[in-house]
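1. Got a sequence here, can you build the structure:
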Amino acid sequence: MHLPAHWTMIACMCGVPPAYSACLVLAQPRCTATCEVCRQAASLWYNPGSVFTPVCYLLQEIVTWMGWKPWKTTHASYYFDKLHEYAVQLIKAGKAFVCHQSKAEIEEYREKGLPSPWRDRGRDENLRLFEDMRQGLYKEGEATLRMKMDHKNENPNMWDSVAYRIKYVEHPIAGDKWCIYPSYDFTHCLCDAIENITHSLCTLEFESRRASYYWLLEVLDTYKPVVWEYSRLNITNTVLSKRKLNRLVTETHVNGWDDPRLLTLAGLRRRGVAAASINAFCKEIGITRNANVIPYHKLEHHIRSYLDADSPRTLAVLRPLRVVLTNVPEQHSSTVRGATLPGRPESEPYPLPFSRVVYIEATDFRLQDSKDYYGLAPGKSAMLRYAYPITVTSYTQGPDGSITGVQAEADLGFKAGGGKKPPKGVLNWVGQPAPGQEPERAEVRLYDVLFKSEAPDALGDSWLEDLDPGSLEVVQGAMITPELAKAQVFDRFQFERLGYFCVDPDSKPGALVFNRTVTLKESLPKFK
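-> Residues are numbered from 1 along each chain as shown. Down below sits the predicted model:
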């Protein structure tokens, strides 16, 4: 039996709030397995008052987007009646009791190794009180059902864990039938047993829960699945802990669970990463029990590999600088042809408007030339990609000395392969669609790593102070070609010389938003 490495990503990068619980049953021949973090991520074991439906559907959608088809999707609430029967069975066996301690009192007694004052209640009294809980005769927090485990055990997970709590909230699936809800510790193992799961997959931080997992199954004399623990995925310059991700989202350090700076699957998809890249990355790193941190550039390598092979090329300008081609007539309008995949047989041409006014990157003009610089400078030439060489004749400056415009002449007689050597420098550019008509504008979001240090988890309580304020740069007023203006949400492109970009869902007709997925080449670490 082989369990795919891709499941580690489903476990670590679901990108949904942790207060939900369902089970995606992943199937192999003669094998079914649950991913423990998926169980925590999609239905409602311990937080029935939270928003449910969008999160549950998002989890299923993301798993499908990854190319994985669950054999079955179930919710813990499907088994509420059976779980209640198990709770009654536990009380009858003398292995559960109704407790009236507050949450703070339970924690205090557990830490001191002391039993609850109600631990030795009789079976019949516990059955009656548990039924009172179910009938709604107690307020929230006035009573819980606790498992009678081993309050002196060295493993805290054996300190008489809570099995049921009172919560007066309608359940999104079960409706208003219940006002008592089973806890994670009670539900997890029993749902696995009910569904005949062969392997319950979880990360190493759940290893200490194995004792309580099997204790409950043993006491109830049920089927016992195999539990497999593996090390959680850690990647440099980010966090993947659900609790930390939750803080980043709820405290608005990022813009939701699908913020492209988060390495959640939802965030990666919005950033423009292909599922094939994530699957390839997972296949390379595999599954291990050893603690490890994967360099961020390994993930970027797989992202680039897919995008390089599959993304159509196009031209765009992020920070436009106006260039007037003085030897081109004012009413001139023509078209040159770009290539979606230059040099490949499957490449297709696309039109690029060419007129007297074009726009280049502001960084592609400087006053002082140098040998290692291939952009424009006074008297210097460079090639407009797919078009003509241009030579600077003059420029204009604002009161602060900044360059406000460039005048140049175009070599309109130049033909590629015609024997005349082109300039070394090649520029991305965007022309006016028609004389006097400005190119369409777009917003471009440039994303970088979220944290300044490689290991923010190692910073303890000060990890939020390590957030990089420059992890998102929003560029307004970028210019795009008419063909690029037709792009749809999640379409991916290589902006030549600039990087790989994806259309963001925030886009509207006439107001596209692009996310930079990754730069063209691996860059040096931003922080040392």
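
2. From now on I want contacts and neighbour counts done on CA atoms only, so please keep to that.
-> Fine.

3. Now do the same contact list for residue 255.
-> Under the criterion of CA atoms under 8 Å, 6 or more residues apart in numbering, the contact partners of residue 255 comprise residue 249.

4. For the remainder of this discussion, apply numbering that starts at 7.
-> With 7 as the first residue, the last one maps to residue 261.

5. Quick check: the gap between it and residue 293.
-> Relative to residue 293, residue 261 is positioned 31 Å away (CA to CA, to the nearest Å).

6. what does residue 370 give?
-> Between residue 370 and residue 293 the distance, using CA to CA, works out to 46 Å.

7. now swap in residue 99 and tell me
-> 40 Å.

8. Pull the distance from the host helix or strand of residue 249 to the chain's centre.
-> Residue 249 is part of helix 248-256 when elements are defined by DSSP states H and E. Put simply, helix 248-256 sits 12 Å off its chain's centre (CA atoms, centre = their mean, to the nearest Å).

9. quick one, which of residue 99 and residue 293 is more surrounded?
-> Neighbours were tallied for residue 99 and for residue 293 using other CA atoms under 10 Å; the higher tally belongs to residue 293 (19 against 12).

10. Quick check, the more buried one in contact with residue 240.
-> No - the pair formed by residue 293 and residue 240 falls short of the contact definition of CA atoms under 8 Å, at 12.0 Å.

11. Now do the shared contacts for those two.
-> The contact lists of residue 293 and residue 240 share no entry, where a contact means CA under 8 Å, 6+ apart.

12. Tell me, how many residues neighbour residue 367?
-> The criterion is other CA under 10 Å. On that basis, residue 367 has 20 neighbouring residues.

13. distance of it from residue 146?
-> Using CA to CA, one obtains 62 Å as the distance from residue 367 to residue 146.

14. So which residues of this protein form helices?
-> Listed from the start of the chain, the chain has helices (DSSP state H) covering 12-18, 42-48, 59-71, 86-98, 109-118, 129-140, 190-200, 216-225, 248-256, 271-277, 281-291, 302-316.

15. Figure out which of these is closest to residue 376.
-> Using CA to CA as the measure, helix 302-316 is the one of the helices of the chain that comes nearest residue 376, at 30.7 Å.

16. would you put the C-alpha positions of stretch 479-498 in CSV?
-> Extracted in CSV, the C-alpha atoms of stretch 479-498 (Å, rounded to 0.1, in the frame of the first residue of the first chain):
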residue,chain,number,x,y,z
GLU,A,479,3.6,46.2,-3.0
VAL,A,480,0.6,47.4,-4.9
VAL,A,481,1.4,49.1,-8.3
GLN,A,482,-1.4,51.3,-9.6
GLY,A,483,-1.5,52.4,-13.2
ALA,A,484,0.3,49.6,-14.9
MET,A,485,-0.3,49.4,-18.7
ILE,A,486,-1.5,46.3,-20.6
THR,A,487,-2.1,45.4,-24.2
PRO,A,488,-5.6,45.1,-25.7
GLU,A,489,-5.2,41.3,-25.9
LEU,A,490,-4.2,41.1,-22.2
ALA,A,491,-7.2,43.2,-21.2
LYS,A,492,-9.4,40.3,-22.3
ALA,A,493,-8.0,38.0,-19.6
GLN,A,494,-10.2,36.1,-17.2
VAL,A,495,-9.9,35.4,-13.5
PHE,A,496,-7.1,32.9,-12.8
ASP,A,497,-5.6,33.2,-16.3
ARG,A,498,-1.8,32.9,-16.0
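
17. Show residues contacting that stretch.
-> Against stretch 479-498 from outside (CA under 8 Å, 6+ apart): 276, 278, 313, 317-318, 320-326, 356-359, 436-437, 439, 445-453, 506-511, 513, 516, 518.

18. just stretch 378-393 next, same as before
-> For stretch 378-393, with CA under 8 Å, 6+ apart as the criterion, the contacting residues are 342-344, 370-375, 395-401, 428-435.

19. So among the contacts of stretch 479-498, which ones count as buried?
-> Burial of the contacts of stretch 479-498 was assessed by neighbour count (16 or more other CA atoms under 10 Å); the buried members are 276, 278, 313, 317-318, 320-324, 326, 356, 358-359, 436-437, 439, 445-453, 506-510, 513, 518.

20. Distance check, the nearest residue to residue 279 once chain neighbours are set aside against residue 241.
-> Here the nearest residue to residue 279 in space, its sequence neighbours aside, is residue 309; by CA to CA, 6 or more residues apart in numbering that works out to 6.2 Å. Applying CA to CA, the value for residue 309 to residue 241 is 15 Å.

21. Comparing those two, which shows the higher neighbour count?
-> residue 309 (24 against 19).

22. So the more buried one is in contact with residue 283, correct?
-> Yes - in this structure residue 309 lies within contact range of residue 283 using CA under 8 Å: 5.1 Å.

23. Report the set of residues contacting both of the two.
-> With contacts defined as CA under 8 Å, 6+ apart, no residue is adjacent to both residue 309 and residue 283.

24. Centre of the chain to stretch 390-408, how far?
-> 41 Å.

25. where are the low-confidence patches of the chain?
-> Across the chain, residues meeting the criterion (pLDDT under 70) sit at 7-63, 530-534.

26. again, only this time at 80
-> 7-64, 422-425, 528-534 (pLDDT under 80).

27. middle-most residue in it, spatially?
-> residue 270 (2.2 Å; CA atoms, centre = their mean).

28. That one and residue 344: what is the separation?
-> The spacing between residue 270 and residue 344, counted by CA to CA, is 35 Å.

29. same check, this time on residue 95
-> From residue 95 over to residue 344 the distance is 73 Å, taken as CA to CA.

30. can you pull up the bridge partners for the closest residue to residue 123 other than its chain neighbours?
-> For residue 123, the nearest residue in space outside its immediate sequence neighbours is residue 105; the separation is 8.0 Å by CA to CA, 6+ apart. In this entry, residue 105 is beta-bridged to residue 150, by DSSP bridges.

31. Residue 105: neighbouring residues, count only.
-> By the other CA under 10 Å criterion, the neighbourhood of residue 105 contains 22 residues.
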